[in-house]
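> Need a 3D model of the following:
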Amino acid sequence: MQREEIQLLIISFSIVLFSLLLTLFVLFYFFQKKKSKFLIDKMEADLLFQSELTKSKIEIKEQTLTNVSRELHDNIGQILSVALMQMNILIEDENKYTKENLVNLKFLVNKSLDEIRILSKLMNGDIVLKSSFIEAVSDDLERIKQLKKIKCKLNVTGEPQKINKEHDTIIYRILQESISNILRHSHSESIAINIAFTENNCKISIADFGKGFDYKNGSKGSGLANIKTRAELLGATFKIHSEINKGSEITIDYPLKREENF
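Numbers count the residues shown, from 1 in each chain. Next comes the predicted model:
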C-alpha cells in the first residue's frame, strides 16, 4: 500500500509540475506575443512619424516656392509693370520728363528691391533647421504684413521650452498650413497667433476674423485633416471653432514632456 501511495504521489507531482510548466509556457508565449506586437506598433509609429516629418519638410519647401512665385507674379510683377508703363510714357513724350516722375520711378524700383529682399530671406531653405518654429512663423508673419498689408500679431507668453527639431518642423508646418488656409479662404484682414508655454505644455492658437465656415456640417478639407493628423502624431490635441462671418480659431495643445519618448 505504501508503494502505491508513493506512485500516486509521484504521479500527482508530475501532473502539478507539468501543469506549472504548461502555464509558464503559455504565459511566456503571450508575453512574447504582446512584446512583439508592442515592438511592431512602435516601429510602425516611428515609420509614420518619419514619413510625416519628411512630408512636412517637402511641403514647407513647396509652400515657400509657391509663396515666392505668387508674390513675384502678383506683387513685384505689378510694381515693375507700373514702373515700365511710366518709363514708356516718358520715352514717348520728352516733355513729361520731370523730377517728380523720376522720383516716382525711383520709389517703385526701391519698393521692388525691398520686397525681393524679403522673398530672398523667405527662400532660405535652412530656416527650419536654424531657428525655432516661433522665429520661423514670426518671419512669415512679418513678410505677410509687409507684402499683403494684413495685420499680423504674434504673442508669446511663458518661458519658451526647448523642443526637438523634428517636432519643431512639424509644428511649424501646422502653423504654415493654417496661415495659408487663412490667406486663401477667410478673407480676413488680420491674423493672430498666441503661443503660451507652461512647464508641461505649449498651447498654440491661430485665429482669423474673416468669413468663417460651418465646421460641423461643412467639408473639413484635406488641409484641416492634415493638421489634425500631425497634431495627434505629436501627442497634441487639436480643436477648431468657427462661426459664419465671425472667423475661425484653431487650437493645438502640445505636451512638452511627450517628446522624451521619441
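
> For residue 112, pull up the helix or strand it's in.
Using DSSP states H and E, residue 112 maps to helix 99-122.

> got a list of contacts for that helix?
64, 67-68, 71-72, 75-76, 79-80, 82-83, 86-87, 90, 139-140, 143, 146-147 (CB atoms under 8 Å, 6 or more residues apart in numbering). Where you see a C-beta, it was placed from the backbone N, CA and C, and this is true even at glycine.

> Swap in 6 Å and give it another go.
The contact list for helix 99-122 (CB atoms under 6 Å, 6 or more residues apart in numbering) reads 68, 71, 76, 79-80, 83, 86, 143.

> next one: stretch 156-170
53, 56, 128, 133, 195-198, 230, 234, 256, 259.

> would you list those residues in TSV and tack on distance to residue 185, secondary structure and neighbour count?
Converted to TSV, those look like this (distance: CB to CB, whole Å; DSSP: H, G, I helix; E, B strand; the rest coil; neighbours: other CB atoms under 10 Å):
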residue	distance to residue 185	secondary structure	neighbour count
53	26	helix	18
56	21	helix	23
128	25	helix	23
133	23	helix	23
195	23	strand	22
196	26	strand	14
197	29	strand	18
198	32	coil	12
230	19	helix	22
234	25	coil	22
256	31	helix	17
259	32	helix	17
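
> List the contacts of residue 209.
Neighbouring residues of residue 209 by CB under 6 Å, 6+ apart: 188, 190, 247.

> Against residue 192, how distant is the closest residue in space to the second one that isn't next to it in sequence?
When the adjacent residues along the chain are set aside, residue 190 lies closest to residue 151, with 3.8 Å between them (CB to CB, 6 or more residues apart in numbering). Note on residue 151: its distance to residue 192, by CB to CB, to the nearest Å, is 9 Å.

> Neighbour count: these two, which is higher?
Just comparing residue 151 and residue 192: by other CB atoms under 10 Å the higher neighbour count belongs to residue 192, 18 against 14.

> And what about residue 194, helix, strand or coil?
strand (DSSP: H, G, I helix; E, B strand; the rest coil).

> I figured it hits residue 205, correct?
Yes - counting by CB atoms under 6 Å, residue 194 does reach residue 205; the two are 4.7 Å apart.

> While we're on residue 42, how confident is the model there?
With respect to pLDDT, residue 42 scores 71.

> quick one: the helix or strand hosting it to chain centroid distance?
Secondary structure assigned from DSSP H and E places residue 42 in helix 2-71. On the basis of CA atoms, centre = their mean, to the nearest Å, helix 2-71 sits 31 Å off its chain's mean C-alpha point.

> Centre of the chain to the following helix or strand past it, how far?
Toward the C-terminus, helix 2-71 is succeeded by helix 77-92 as the next helix or strand (DSSP H and E). For helix 77-92, the separation from the chain centroid amounts to 40 Å (computed by CA atoms, centre = their mean).

> Then stretch 150-161?
16 Å.

> Now it: buried residues?
150, 152 (16 or more other CB atoms under 10 Å).

> Which of the contacts of residue 209 sits closest to residue 225?
Among the contacts of residue 209, residue 247 lies closest to residue 225 (CB to CB), at 20.5 Å.

> Now for that closest one: which residues touch it?
208-210, 212.

> Pick out the lowest-pLDDT one from the residues you listed.
residue 212 (87).
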